[in-house]
Each structure stands twice: as structure tokens, then as C-alpha cells.
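Trainee: need a structure here:
(chains A and B)
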Amino acid sequence: MRVRARDVVKAYGHTIALDGFTVEVDTGVTGLLGPNGAGKTTLLTLVLGLARPEAGQLEVLGHDPASAGPTVRARLGYSPERDVLPPHVSAADFVVHMARIHGLPVTAARTRAADTLRWVGLGEDARRPLGTLSTGQRQRTLLAQALVHDPDLVLLDEPTAGLDPLERDVLVSSHLLPEIERVADAVVVLRAGRVAAHHLLGSDQATGEVRIEVDGDAGGLAAACTARGLTVHDQHAGRLRVHAPDDRALDTLRDAAVATGASLRRVQREAPALADLYHAATLGGP
Amino acid sequence: MSDAHPGRGDDGSPDGGDPAAQPRARLADLGVAAYDGPRGGVAVAVAALATHTARRLLGLGRRPRAKLVPLAVLALAYIPAVAFLGVAVLVPEELSALLTLDVRTLLSTITVAVAVFVALTGPEALCPDRRHGTLTLYFASGLSPATYLWAKAAAVAAVLLAVTLGPALLLEAGSALVGLGPEGALASVARLGRVAAAGAVLAGVYTAVGLAAASLTDRHAVASGLVIAALLGSNIGVGLLDAAVAAPAWLPLLSLVTAPLELVDRLLGTTGEVAGVATTRVVAANLGWLAVLGGLAWWRHDRVRPS
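Mentor: Predicted coordinates for the structure are as follows:
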């Protein structure tokens, strides 16, 4: 488990930023979604060990970041939302410097900085001062400095570029739903400092709906499913959707197909649209 | 990624050759490979940051204009010692004895150069990190506000030691070599130790002044003004108080100029303008200044959070 939070509370004065926040972030890319003020940046601050929660337990890479901050941060890569690059330094020199700050020897820092900058697509422009690079190139430099030391977990706060090829464990805070939907394995939606939703994207846990196509009319199969206690939606011609949230329901669906002699052409779990999940989580009742 | 090969047929075999007999080359996009080499801890990070900062303070790897002030200050600091030693070597002993230059006088002179250097260059240690937000990245690494400040303090102090310690040691060692130093090897070594401590005191206090001033703002020019205001202001304030009321003997130690120079005097076996105050109080005053100024810098940096 990369991040484990249980009943975490963090307040700034009278403002409660995280209010009993509980979540477990596993491997892969996890999107952190939520409106402004939902507590995303506060969570990243706590994960980095730069602030201490008032209550609850937080574990990052097996350590308490509040008490083992340097140990945890040495294994993290972080790319902030704000442009924090010094304009007069070249991208190459800056990434080498950050690799050194993360403890890499000089030679390894130079080699890895060159590799990482090439990988994020900076190439020859890495020799130019950062102040002369485009916004996109500066974003890529931020990503490079977050990856150069091969961290165990990467924290990206509102990145706008370079998410595509990340085959790493990443916790990414973003408001770009399509981008997150494309790259994330899971999403955590925050609302008012609490977890409003936690979904594994592309998994069957999200909706429990199964889309079925049969040869001929699906009316018989729909009736058999209903008779066996399954809920059927949208039956039309050879298509229907059945609510089958677990393996037992799937077994019932299979039995119904066998009993009616339905010729199955397609059986597919239906993944929810992230936008629907997000809006349901952020606009739902308390 | 690509397995197209110049000079091969469609089947990938060399022209006219047996495809099965030829191994096929293949390019693969490996991305950024995992790193399983050595990783240093916080000490390495501190050393890397200190080295990087010291280079910036000296203008290394920067525009020629950035090198101007450090080079000028270094020259200003070394010229008196080198000139004195030159005279001592070149002219008869009787004449050179008349042109004496002791370490106390040299350090007093150098203090002006140190103050100018701290005011003009010292803010470069902290201000850009705050101004550009790079501090966020440092604090997201193994560094903490305390270790970050230790690295910056080490960098500033190392550069200042080149100004305070180098010329004084050069003068002392040179004087010993031309026969103007203390009698005996042990006495010479002890004297060098005292001179080194005196240089370290000046470098330490002025480092704290520079870092404290620079921690209050992200503007270089404002920080420079704050350094000058702290040095001159404390000195003028003490002077005004001393003239206005029956001030206690230790009052001059509230001056950032007087306090370190008084300790330098004590280390070199003399006393300055606060002769009536015990050396322990002089030491305490300097430690107090270090604590106040260092604490201010730490407090300012401990409040930084990702944005």
C-alpha cells in the first residue's frame, strides 16, 4: 500500500481542510479529484510530511511522514502546480541539481538527468535557460525533476503534460477529468475534506452493470433474468443491460442464458464515465 | 519500437541471406530505467545544496557581472595582508617593523568588506529560492527547513571564511615566516588557532545576519537594505542610547558590529570598547545574536508549504 490514511483530520485555524479522511492508495496511477478547497493540496502536504495532522493516522510507503519526513520524501517525486523553476538555469543543470539533492552521485545524476529529460521530450532544448522555454517545456522539466531519482511514488499536483507514459505509482491531483480517465487506474474524489468516492477505473466494481448482446430477440433472456431476481435495464431487440454486481449474479445470468437457449454474442462489464462519478460524488447530498 | 533495418528484405533477412541464420536487431523504448545505484542521505543533499549555493555566491557558472562583487571583495580582503608581507620581505627589518599590521587591525578592516559582501551577495543564498518557489521542491526532498538552512549557512560561511580567515591566516603565517610572529612553534600554532577562531566568529555572525535578512523577503535589493539597516541601525541605536542614558557596560554588545569584534579582541588577547564586561558575557551576546538571527530564518522557512 503506497498511502494509507485513516480518519485524518487537518485544520488551518477554524478551516477544516481534511475531515476524517480515510483512503488507501495502491500501486498504479491514482487520480485525486475534487473542487477547489476540497483538500487535495492539503493531502499532498501531509503525504510529503510538511504538515502534521491533528488527528488520525497517515502512512506513506510504510512510514509516518510527520515523524519520518526526510525518509519518506527521499523516496517521493513531487511536481507542484505552480511554476517553481529558476529562469536563469538550464533545464539540464536544474534536473542534475535536483538529482543531487535527492542523493544521487554526480555521474549518476548527470546520466539520469539526460535520460529523463530526453524521455519527457525536452531533447536539445534542455540546454536552454528555463526562462526561455515554453510553458509546456517547463512542465516537462518539472516532471523530469520529479522522476530523475526514480522515486517509489510520484506526486503530481495539477500537471498539464506528460502523463501518458507514466508506468509508475503516481498520485495525481487534477481537475482534468478526461486526462485522469485516460491514465488513472483509480480515482479518489474529495469533497469538503472527506472521501466522496473511491473507484477503480475500468473495473466491474464501479457500476455492476453488464451489457449483453444475443442473436435474435433478447426478450426471453430478459424475462428469465427478471424471474431469477436480476434487474434488467434497457432491453431492446437483441440487447439488454443487467445489474450483476457480483459473481453470484453473474452465475444467475449464465443460468438464465442456458435455460432460454440464448446465443450470447457479447457479455461486457460497463465502466462508468468518470464525469458521472465525479458529479455524483461532488454534487451528492451530505 | 522499430525493427526496420537498412539493407534487409521485407522478411527482415539480409539481402540474399538466410533469415533464420541472422539474429534480428531490435530497438526497444525502455523509457527511464530504474535506478538501483547508491543514494546518499540528508548529508549528501546538504553538501550538494551548500556547494551549489557557494558556487552561486561566488558567481561561478553565472554571468560575468555576477562574479564582479565576490572577486572585488576577495581582492579587498587579501590586498592588505599581501602588501604587508611584501613590504616585510622586501625592505630591511627595521623599516618593516615600523609598518606593522596586526591581525586585529586587519580583521577590523576586513569587517567592512565582509559587511559589503553579505549585503550585496548574501541574499543570493536565499532570495531566489523564495522568489521562484524552488523552495517548495527542496522541502519536498529529503531536506527539512533546518537542514536547508544549515546548507545555506554552510555555503555563506564558507565563502565568508575565505574573506575573514584566509587573509588573517596568511598574515599570521607570513609574519611568523619573516620573523615577526610569536617565539616558538607552539606559540605560533596557538596563535594561528586563535586567529582561526576569530575569523570563524566574524564569518558566523555575519552569515546569520545575511540569512536572517534574506529570509524576510524574496527581493534581493530589499534584503541588501535590511543587512545594512541591521548593522548600521544596531550600531547607531547603541550609540544613541549610550549618549542619552547612563548605559550599562554591556550595551555595546547589542550592536551587531561591536559584538563580534569584541569577541575577536578577546580571542586575540586584547579588549575592545567593552573592556569592563566579562568574556563569558561577550560569548553569550554573540551566541544570543546567532540564536535570534538563526531562529528568525528558521521560523520564516518553517512556514513554507506547497502551493
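
Trainee: quick one: low-confidence parts of chain A?
Mentor: A:160-167, A:202-207, A:271-272, A:284-286 (pLDDT under 70).

Trainee: the stretch 1-150 of chain B against chain A: which residues are in contact?
Mentor: Within the stretch 1-150 of chain B, the positions adjacent to chain A are B:31-35, B:37-42, B:44-45, B:48-49, B:52, B:61-62, B:128, B:132-144, B:147 by Cβ under 8 Å from any Cβ of the partner chain. Any C-beta I mention is one placed from the backbone N, CA and C, and that applies to glycine too.

Trainee: inside strands: which ones of these?
Mentor: Using DSSP state E, no member of the residues of the stretch 1-150 of chain B next to chain A sits in strands.

Trainee: who are the contact partners of the residue of the stretch 151-300 of chain B found nearest chain A?
Mentor: The stretch 151-300 of chain B approaches chain A most closely through B:A151 (9.4 Å), counting by Cβ to the nearest Cβ. Residues near B:A151 by Cβ atoms under 8 Å, 6 or more residues apart in numbering or on different chains: B:45-47, B:49-50, B:53, B:143.

Trainee: one more time with 7 Å
Mentor: B:46, B:49-50, B:53 (Cβ atoms under 7 Å, 6 or more residues apart in numbering or on different chains).

Trainee: and which of those is nearest to chain A?
Mentor: Among these, B:L49 lies closest to chain A (Cβ to the nearest Cβ), at 6.2 Å.

Trainee: wait, isn't that closest one in contact with A:I101?
Mentor: Yes: counting by Cβ atoms under 7 Å, A:I101 is a contact partner of B:L49 at 6.2 Å.

Trainee: the two: which is more packed in?
Mentor: A:I101 (28 against 24; other Cβ atoms under 10 Å in any protein chain shown).

Trainee: that one: what's it in contact with?
Mentor: Per Cβ under 7 Å, 6+ apart, neighbours of A:I101: B:45, B:48-49, B:138, B:141, B:143.

Trainee: reformat the residues you listed as a markdown table; add pLDDT.
Mentor: Putting the contacts of A:I101 into a markdown table (pLDDT from 0 to 100) gives the following:
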| residue | pLDDT |
| --- | --- |
| B:A45 | 94 |
| B:A48 | 95 |
| B:L49 | 96 |
| B:Y138 | 94 |
| B:S141 | 93 |
| B:L143 | 92 |
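
Trainee: ChimeraX command to pick out the buried ones of the residues of the stretch 1-150 of chain B next to chain A?
Mentor: To isolate in ChimeraX the members of the residues of the stretch 1-150 of chain B next to chain A that are buried, counting by 16 or more other Cβ atoms under 10 Å in any protein chain shown, one can use:
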select /B:32,35,39,40,42,44,45,48,49,52,128,132,133,134,135,136,137,138,139,140,141,142,143,144,147
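
Trainee: out of the residues of the stretch 1-150 of chain B next to chain A, name the ones that lie in helices.
Mentor: B:42, B:44-45, B:48-49, B:52, B:128, B:132, B:134-139, B:147 (DSSP state H).

Trainee: so how far is B:V118 from the residue of the stretch 151-300 of chain B closest to chain A?
Mentor: 17 Å (Cβ to Cβ, to the nearest Å).

Trainee: kindly report the same for A:A109.
Mentor: 31 Å.

Trainee: neighbour count: the two, which is higher?
Mentor: Legend: neighbour count by other Cβ under 10 Å for A:A109 and B:V118, higher for B:V118 (32 against 22).

Trainee: nearest residue to the more buried one other than its sequence neighbours?
Mentor: B:G210 (4.2 Å; Cβ to Cβ, 6 or more residues apart in numbering or on different chains).

Trainee: and the one you found, what does it touch?
Mentor: Contacts of B:G210 (Cβ under 7 Å, 6+ apart): B:118, B:122, B:125, B:156, B:227.

Trainee: can you confirm A:L240 is in a strand?
Mentor: Yes: using DSSP: H, G, I helix; E, B strand; the rest coil, the assignment for A:L240 is a strand.

Trainee: would you agree it is in contact with A:A222?
Mentor: Yes: if you go by Cβ under 7 Å, A:L240 and A:A222 touch, sitting 5.1 Å apart.

Trainee: so these two - more neighbours on which side?
Mentor: A:A222 (25 against 21).

Trainee: having no further points to raise, I will conclude here.
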